[in-house]
Structures are given as structure tokens and as C-alpha cells.
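>>> just need the structure, nothing else, for what follows:
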Amino acid sequence: MFSLKNLIKTICLFTLFLFSNISNVCLADENYSPLDSPDFFEGLNTFTAVYSQIKQLYVDEIDDETMFKNAIKGLIEGLDPHSSFLDPEDQSDLSESTMGKFGGLGIVIGTQGDFIEIISPIDDTPAYRAGLQAGDIILQIDDQKVSQINLEEGVKLMRGAPGTKIKLTIGRPDIAPFVVEITREIITIVSAKGLLLDEGIGYIRISQFQNPTAELVKDIVSELATDNNKKLDSLILDLRNNPGGLLNSSIDVANLFIDNDGIVVYTEGRTSSANISFPTKPGDILNGAPIIVLMNKGSASSSEIVAGALQDHNRAIIMGAESFGKGTVQSMLGLEDGFGLKLTTARYYTPSGRSIQAKGIVPDIYLEDITLSSFEDAIDLKSQEKDLKNHLSSENPTDLSEEDILEIQNKITENRDKDFIELLREDYFVHEAINVLKALKVITKK
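Model (predicted):
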């Protein structure tokens, strides 16, 4: 049994160990030590008193390692929805998911009360093909009730070997709960695809921002111009239900359409290393042709960066609904013995200085979520970044090479489906975007 004095000493030493082993991060004050703060010792006294009572009186005996891990998790998870403490197993899972060595469903999830909410199904994945929708609530995973587990445990249950099946009990407004059986797959995502919707009007759907996305978009624009027998005179960029992805990818995509000096996005935090501006690289591949960006509440993170940059540079009209509002930067910090820390270290700001966090991008033209076809239902999500209690999780795609994804994209564009184009034309958001672009053509001709 620890004495209170020895317990305080142990925790102080552990705290110093924790601070001294954070790697690759610049502290706001390099000379800072928690031992210099009177409030630190006051809080530590309360902590150790509670710790001592648990050790002596709790119904089950809890080992010290578990107690410390629980305390650290509570410390970090109380900060914001996206910071978390990772034990070695979590670190290993993260590494495997980054390398694409797991089977998944293809959904981005968050929490809704005691349940798991689907923020967005990812295009062309098992979840998407099974008909899961943004805003659906996962009530049960196989025989496990979701209300009895946390988000991380839910993610682990949904992952599994490719080819294995899983049953999800889904809640959806206005209908009775239903069960969907889905077969897990290795999640491979082609992040962009495009079609020529009308004479001169191109359509590009970006489902997620990956390393080769900007190159894909550039190639698609070139192919659509060939199909049109001349350069495109307008473009619809569809970012609905796009959960984000790589920051550099979103910056590269935005730079494809910006032709003036300035910045795409900047970040601000408490440390000098967190304050970064990402400059524009003039060279608009559409030569100023009108662009409409479609967004909804499932558009988050990197998709908000692109929309905000194009909006602030007066390069695009934003249509749809207010976006999700995920505007923070998470840094992965390594600790000793395989532990890790995912910590929010900065906020994103648009070129004009607007914060994306918990506010989102406000459209220039607001559209009600009216569905004219089954192509892509416009769902009113029940929560946004500001409403989340736990962090947003995403099943990471397989780490294909850029050449592999470009090859897949070429095969897709070679097999365009005319029925798909007709469905797009009936999609309410796309339908309204086409009307606006046609109106702009008339105005510019006068």
C-alpha cells in the first residue's frame, strides 16, 4: 500500500517522465515545468486523495498501471473530441490501418448520445453499397449493444478480416430499426471521378483527399475537355459527405483553381511550430471558368479547407448546407514503451481569417436537402463537430501507390455510365448547380 507521501512522489516522477519523453513537439514555454505551478500541487493533492480511497475501498483491486492509464486517458479526452491517449495496441492498430492491412466497412463515425452515428459512408465501399446513410445511428454491432461500449471499442468490433460478415442494427428517422449484414473488405478508395454533365459543364466528385487526388482532378479536367472537344466553361466540384483526408492534398486541389497570390489556409496554435501559412501557387487549370462547390453537413476538415479557400479567393460559389466544422490540427506524439498521444495543437483558418472549427463553411447559396433521385440522398445530419462528445474516427484506406490509383481512375473514366449521368442531373444539388452555371453563361455573354 502506498503512503500518500510516496504516492505524490511517484505521480510527480511519472509526470516529469511523461513531459520529458514527448518527441517532435515544441512546447509553448521550453522552460515550463508543472512543479513550478502551485495549482499543480493543489490538484495533485486532490488526485492522490481520490487515488488512495480507490486503492483502499473500491470493490475490486485495481493495479497501479491501470489506475494511471485511466487517469491519463481522462486528462486527455477531457480536452476536446479529437485528442486521445494511445496504448501500444492502439498504436499498432493505427499503424496497420495506415498500411491498409485490415478489413473494414468504409464509414466515418462519431457519437450521438450513447450510440454511434454515421457521419458519412465513403463512396464505393461495403457500407455505401449496403445503403448506409449519413445520420444513421448504429444501435447494435452483431450481438453487442452500442450503448454499453465506447467509440473505440465499436471501431474494433467493426474491423475484421476481409470476407467476414458483420450485422449492424440501424436506427433511421421515421422507420423502424433494421438489420444490415455487410461483408468486410480492404478499403481501397478512388478519391476522385468525373463526368461531362452538359455541354461545357464538368462534374468532379471528390470522396476523400489522398496523395494523388490533385493529380487525378487535373487528369479528369483534361479528359473532360477532350470529351467536350474544347476547354470546359464551368465545373461542379462535389464535396458532399467528404470527411476530409490529407491536408497537403486539399491544398494542392485548391491550388489547381487559384490564380492569384495569397494563402490557401493557415494554422495557429500556442507554439511557433504550429503557426503555418500555406501559400497559393498561381496557375488556374480552368482559366477562370465558373466553379460551383457542393457541400453538406457531411463535408468536413480538408473539404472545408478547399471550399473556404475558393470562397475567400472569390473563385467559386458554395452551394448546399453549412459544413461539419472540423477545423483543428491533430499531432501524433510518441511516448516511451509504445504509448502515443494524439493531441490537438492548432486551429485552421481560411485566407480571410475565418475559423472553421465548430463553425463550418457557410454556403453562398443555401439549398434544402430535397432528393430528386436515389443517386445520393441529401441527409440532414443530426450532429456537427461542435456537438460531438467523442472523437471522429475514420477507417483509413489502403495505402495504394499513386500509379495504382491513377490506373484504377483511368478504368473508371473509360467505363462511364450514361444512366449515372442521368441520375446526377436529377440530383437536386447538382440540378440547381447546373441552373446557376447556365444563368452565369447567359450573363457573361451579354
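>>> and Thr188, how many neighbours?
Each residue near Thr188 was counted by other Cβ atoms under 10 Å, and the total is 16. Yep, even glycine has a C-beta here, placed from its N, CA and C like the rest.
>>> I meant to write Lys438 there.
Here the neighbour count serves as a burial measure; for Lys438 (other Cβ under 10 Å) it reads 15.
>>> likewise Lys55?
Residues within reach of Lys55, counting by other Cβ under 10 Å, total 16.
>>> okay, and it sits in which element?
Secondary-structure assignment from DSSP states H and E places Lys55 in helix 38-57.
>>> what residues does the host helix or strand of Pro177 touch?
Secondary structure from DSSP H and E places Pro177 in strand 175-183. Outside of strand 175-183, the residues that reach it under the criterion Cβ atoms under 8 Å, 6 or more residues apart in numbering are 105, 126-127, 130-132, 139, 163-172.
>>> name the residues of that strand that come out as buried.
Within strand 175-183, the residues that qualify as buried by neighbour count (16 or more other Cβ atoms under 10 Å) are Val180, Ile182.
>>> wait, what's in contact with Asp114?
Val146, Ser147.
>>> swap in 10 Å and give it another go.
The contact partners of Asp114, taken as Cβ atoms under 10 Å, 6 or more residues apart in numbering, are Ile137, Leu139, Lys145, Val146, Ser147, Gln148, Ile149, Asn150, Lys389.
>>> among these, which one sits closest to Gly269?
When the contacts of Asp114 are ranked by distance to Gly269 (Cβ to Cβ), Lys389 comes first, at 23.2 Å.
>>> confidence score at that closest one?
pLDDT, the model's per-residue confidence, is 43 for Lys389.
>>> count the neighbours of Gly288 for me.
Close neighbours of Gly288, defined as other Cβ under 10 Å, add up to 9.
>>> just the element for it, please.
Applying DSSP H and E as the criterion places Gly288 outside every helix and strand.
>>> residues in contact with it?
Gly288 is in contact with Phe257, Asp259, Arg315, counting by Cβ under 10 Å, 6+ apart.
>>> give me that answer again for 8 Å
Taking Cβ under 8 Å, 6+ apart as the definition of contact, the neighbours of Gly288 are Asp259.
>>> export the contacts of Asp114 to a markdown table and tack on secondary structure, neighbour count and distance to Arg354?
Rendered in a markdown table, the data for the contacts of Asp114 read as follows (DSSP: H, G, I helix; E, B strand; the rest coil; neighbours: other Cβ atoms under 10 Å; distance: Cβ to Cβ, whole Å):
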| residue | secondary structure | neighbour count | distance to Arg354 |
| --- | --- | --- | --- |
| Ile137 | strand | 19 | 31 |
| Leu139 | strand | 18 | 37 |
| Lys145 | strand | 12 | 41 |
| Val146 | helix | 24 | 35 |
| Ser147 | helix | 11 | 37 |
| Gln148 | helix | 9 | 40 |
| Ile149 | coil | 16 | 37 |
| Asn150 | coil | 13 | 33 |
| Lys389 | coil | 13 | 25 |
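>>> from the contacts of strand 175-183, keep the buried residues only.
Neighbour counting with 16+ other Cβ under 10 Å marks Leu105, Pro126, Ala127, Ala130, Leu132, Leu139, Ile166, Leu168, Thr169, Ile170, Gly171 as buried within these.
>>> pLDDT score assigned to the fourth one?
According to the prediction, Ala130 has pLDDT 94.
>>> how close does it get to Ile175?
Between Ala130 and Ile175 the distance is 16 Å, computed by Cβ to Cβ, to the nearest Å.
>>> go on, Glu61?
Counting by Cβ to Cβ, the gap between Glu61 and Ile175 amounts to 48 Å.
>>> could you list the low-pLDDT ranges of the stretch 51-200 of the chain?
Applying pLDDT under 70 to the stretch 51-200 of the chain flags residues 90-102.
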